[in-house]
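Asks: predicted model and sequence follow; I will ask about them next.
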Amino acid sequence: MFNVTTKAAEEIKKLLSEEDLPGAFLRVRVIPGGCSGFEYEMGFDDEAEDTDQLIEHEGVKVAIDELSFPYLDGAVLDFQDGLNGQGFAINNPNASGSCGCGKSFTA
């Protein structure tokens, strides 16, 4: 299962409100790229595919396509706001390594 922390859910709700996207949800994908082989891609969407895994957690909906789900099963989406900047971060137990920038990973 893919989980969303309370802090990440609050930020997603805030962004959806600011963008005036009341029926949208967050789509999370794993795509080839980055210096470690794979990277995460996130954005808002309003149309789910039949093969998407739809997760509702902390009052937000997240869609993960069938090819990305095995890479994200058990992962946690968080929102960090600290000295290193702010943004969404995925704590992924399926990643065997990551690059120094933290934006890509090895499965």
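Replies: Received the coordinates, thanks. Numbers count the residues shown, from 1 in each chain.

Asks: what residues does residue 59 make contact with?
Replies: Contacts of residue 59 were listed using Cβ atoms under 8 Å, 6 or more residues apart in numbering, and they are 9, 13. To be clear about C-beta, it is placed using only N, CA and C from the backbone, and glycine gets the same treatment.

Asks: can you check residue 9 too?
Replies: Contact analysis of residue 9 by Cβ under 8 Å, 6+ apart lists 57, 58, 59, 60.

Asks: what's the farthest-apart pair in the residues you listed?
Replies: Largest separation among the contacts of residue 9 by Cβ to Cβ: 57 and 59, giving 7.9 Å.

Asks: thinking again about what came up before, buried subset of the contacts of residue 9, written for PyMOL?
Replies: To isolate the buried ones among the contacts of residue 9 in PyMOL, judged by 16 or more other Cβ atoms under 10 Å, type:
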select buried, resi 57+58+60
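
Asks: middle-most residue in this protein, spatially?
Replies: Centroid-nearest residue in the chain: residue 28, 4.3 Å away (criterion: Cα atoms, centre = their mean).
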